[in-house]
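Peer 1: Quick one, fold the following:
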Amino acid sequence: MGRRRSGAALTGSPVLIGAVTVLVTVVAVFLAYNANNGLPFVPTYNVKVEVPNAAQLVKGNDVRIGGERVGSVSDIQPVHHANGLDTAVISMKLEKRVEPLPKDSTVIIRPRSALGLKYVEITPGKAGAGYAAGSTIPLSQAQPHPVEIDEVLNMFNQPTREGQQKSLQGIGDALTGRGEDLNEAILALRPLFTNLQPVAANLAAPRTQLRRFFPALNRTAGLVAPVGQTQADLFGNLDTTFTALADVARPFIQDTISKGPPTLDTVTAQLPLQRPFIKNLTGFMSELRPGVAVLPKTAPILADALEAGTKSLPETPAMNRQLEGTFRALQRFSNDPLVPKGLTQLTHTVSSLKPTLAFLTPVQSTCNYVTLWLRNIASLLSVGDANGTWQRFIIIATPTGPNSETGPSSGPANGPTVENHLHANNYPNTASPGQDKECEAGNEPYLAGKQVIGNVPGNQGTRTDGQVKK
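Peer 2: Residues are numbered from 1 along each chain as shown. Got it, this is the predicted structure:
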């Protein structure tokens, strides 16, 4: 008998061939079913990542780097923190070739389509240290926070959609038949955008701090919110006001507005010329303050003067006619070439008299001595008869004693009797510059039994005979 070959025995068994075929099919189905979770017996780099929200991410979704699939999601677990925050921890099986991920790598969950399918996108960093297998990438690396398409679509709720429909309808009605006007508007906007470019550059500059404007505007709106009703009432009242103004808008308000720019130009040109006048007026008003301060006391006197003036004014025309010749004579006098020379000499004279007048002015203005002197002179010569007047006087006997005024003396009288004391004050104080403010002449007290030569001790005040009580 010849020997049977082994190869012929294997192919000749239908049962064995069917068993092998079934085994191969089962292995293929198993590998296809677990393809998303990684092939068996293939080493992987397993890490976890904490994300704010793993919504619509399911087990088996891709993990990609730069758009290339490098692994899959193997598990998703929710985590509740003590501060009340809820996050999710995603377990990932990655290929060994990406091990280790740098510490500064970032993770974001992104959509693959509008149907809701998502994947995990890893952006590797450049740090030298990396995450070991089994490590968890912290929540701080889940950057940036994505805006989901469903969040965007949820903005368009029923009221928003209805408002958009009405807005589109209103815009469409407004633009109907206005194509030519739009073309002209676009042409007119060209200079605007040309000028807008540097403005936009300034707004975009970091030093402008435009990003702080809107938070500040938000805070301002929050502050204004409590007075919203008051502002609404304001606009309602403004509507009432402007409705009333509409009746006089043309031509009155229109003329006011049209004539406003020329008026402002005139004011701008003329106001600088008013500065000397305003400066002088300020000085004038400042000088008037003392007079205004005493006006309540002097007003009755001024009223009496005005009343007397009203009686005298009817008589002035005749006097003015008589003064015409006087003023003409003054005119001829002023035209005389010798007059300026005389005025110059008079000016020098007056200037040289200024110190004397400054010294003598308080004699009258404060002490009223000139008036008293004239009064006494008039009284001295007030007695007389048909042939004339004579001077009134009386002789007063001087006291007797050593060095008395009755005869020659070797010194000022100084006793021994009470009457025999000399009292002499040749330069009494008259409130003049350099002196005490007192009207000493005529007010010196007589110090009996005491020699007094010069100013009397003490201040005698400024009250003299004939002054009005204050």
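Peer 1: buried stuff in the top helix by length along the chain?
Peer 2: The residue-count maximum for a helix in the chain (DSSP state H) belongs to helix 338-365. Buried residues in helix 338-365, defined by neighbour count with 16 or more other CB atoms under 10 Å: 362, 363. C-beta here means a position set from N, CA and C on the backbone, and glycine is covered the same way.
Peer 1: what does stretch 422-435 give?
Peer 2: Buried, per 16+ other CB under 10 Å, within stretch 422-435: 422, 423, 428, 429, 430, 431, 432.
Peer 1: hang on, the earlier thing: ok, residues contacting whatever helix or strand comes next after the longest helix of the chain?
Peer 2: Using DSSP states H and E, the next helix or strand after helix 338-365 towards the C-terminus is helix 369-380. The contact list for helix 369-380 (CB atoms under 8 Å, 6 or more residues apart in numbering) reads 363, 364, 391, 392, 393, 430, 439, 441, 442, 464, 465, 466.
Peer 1: Return the item of these having minimum pLDDT.
Peer 2: Lowest pLDDT of the contacts of helix 369-380: residue 466, 72.
Peer 1: Below-threshold pLDDT in the chain: ranges please.
Peer 2: 1-13, 15-17, 26-42, 114-116, 150, 468-470 (pLDDT under 70).
Peer 1: mind running it again at 80?
Peer 2: Low-confidence segments of the chain (pLDDT under 80): 1-42, 54-56, 112-116, 143-155, 380-386, 388-394, 396, 466-470.
Peer 1: now the helices: where do they sit in it?
Peer 2: So, for the chain - with DSSP H - the helices run 6-11, 14-33, 149-154, 158-175, 179-204, 213-224, 228-245, 254-270, 275-293, 295-312, 316-335, 338-365, 369-380.
Peer 1: could the ones you listed go into CSV alongside distance to residue 138?
Peer 2: Shown next, in CSV, are the helices of the chain (distance: least, CB to CB, whole Å):
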stretch, distance to residue 138
helix 6-11, 59
helix 14-33, 34
helix 149-154, 24
helix 158-175, 37
helix 179-204, 34
helix 213-224, 28
helix 228-245, 44
helix 254-270, 66
helix 275-293, 71
helix 295-312, 85
helix 316-335, 104
helix 338-365, 94
helix 369-380, 104
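Peer 1: Out of the ones you listed, the one nearest residue 88 is which?
Peer 2: Of all the helices of the chain, helix 149-154 sits nearest to residue 88, with 17.0 Å by CB to CB.
Peer 1: quick one: buried residues of the closest one?
Peer 2: For helix 149-154, using 16+ other CB under 10 Å, no residue counts as buried.
Peer 1: Please save the CA atoms from that helix in CSV.
Peer 2: Extracted in CSV, the C-alpha atoms of helix 149-154 (Å, rounded to 0.1, in the frame of the first residue of the first chain):
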residue,chain,number,x,y,z
ILE,A,149,-23.9,75.2,17.5
ASP,A,150,-27.0,74.4,19.6
GLU,A,151,-26.2,77.4,21.8
VAL,A,152,-26.1,79.6,18.8
LEU,A,153,-29.3,78.2,17.4
ASN,A,154,-31.1,78.6,20.7
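Peer 1: Now the buried residues of stretch 422-435 in a markdown table, please, with extra columns for distance to residue 21.
Peer 2: Shown next, in a markdown table, are the buried residues of stretch 422-435 (distance: CB to CB, whole Å):
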| residue | distance to residue 21 |
| --- | --- |
| 422 | 165 |
| 423 | 161 |
| 428 | 153 |
| 429 | 147 |
| 430 | 149 |
| 431 | 144 |
| 432 | 145 |
